[in-house]
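Peer 1: build me a model:
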Amino acid sequence: QVQLVESGGGLVQAGGSLRLSCAASGSILSINAMGWYRQAPGKQRELVAAITNGGSTNYAESVKGRFTVSRGGAGNTVYLQMNSLKPEDTAVYFCNAQGTYANVGLLGPFHSWGPGTQVTVSS
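Peer 2: Numbers count the residues shown, from 1 in each chain. As a prediction, this is how the structure comes out:
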């Protein structure tokens, strides 16, 4: 099993900054990619930013130039630095990781989600 735990959400005024963190733990052999999605009330979950093992990044158009995704902690942690926040960034942010698990001699792919952390930006 692979578990993801997010932290760093909260309430911030428009123009402010927040940094989200997500740590993966469990029977992890390797992680291919980690990223952040968000879901606002009444809307579908959408990709915010993702980063691969090789460091390639992908951002939603709406956050380019304001958000930065990075990895650390020997590759099992992903961060999302959010600057110049706008009220439309308000959502629950979910961490996502994809890779291979190893447990008692068994190998297989995993695709895990964190429980989510609330980000609220006031105008």
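
Peer 1: just name whatever secondary elements the strand or helix carrying Val12 is in contact with.
Peer 2: Following DSSP states H and E, one finds Val12 within strand 10-13. Contact here means 3 or more CB pairs under 8 Å, 6 or more residues apart in numbering; DSSP states H and E; on that basis strand 10-13 packs against strand 117-122. The C-beta positions use only the backbone N, C-alpha and C, and glycine is treated the same way.

Peer 1: buried ones in the strand it packs on?
Peer 2: Buried residues in strand 117-122, counted by 16 or more other CB atoms under 10 Å: 117, 119, 121.

Peer 1: how far does that strand sit from its chain's centre?
Peer 2: Remark: strand 117-122 is offset 14 Å from the chain centroid, using CA atoms, centre = their mean, to the nearest Å.

Peer 1: one more: stretch 34-50?
Peer 2: That offset, for stretch 34-50, works out to 9 Å (CA atoms, centre = their mean).

Peer 1: please give me every residue in contact with Ser123.
Peer 2: Shown in contact with Ser123 (CB atoms under 8 Å, 6 or more residues apart in numbering): 14, 87.

Peer 1: look up how far Gln39 lies from it.
Peer 2: 20 Å (CB to CB, to the nearest Å).

Peer 1: kindly report the same for Ser70.
Peer 2: 22 Å.

Peer 1: again with Leu4
Peer 2: 16 Å.

Peer 1: those two: who's more crowded?
Peer 2: Neighbour count, other CB atoms under 10 Å: between Leu4 and Gln39, Leu4 has more, with 21 against 14.

Peer 1: mind checking the SS state of the more buried one?
Peer 2: Of the three states, Leu4 takes strand under DSSP: H, G, I helix; E, B strand; the rest coil.

Peer 1: my guess is it meets Phe110, correct?
Peer 2: No: contact between Leu4 and Phe110 fails when scored by CB atoms under 8 Å: they sit 10.3 Å apart.

Peer 1: helices along the chain, start to end?
Peer 2: Read by DSSP state H, the chain holds no helices at all.

Peer 1: okay, and the beta partners of the nearest residue to Asn76 once chain neighbours are set aside?
Peer 2: Closest residue to Asn76 apart from its sequence neighbours, by CB to CB, 6 or more residues apart in numbering: Ala24 at 4.6 Å. Ala24 has these beta-bridge partners by DSSP bridges: Leu4.
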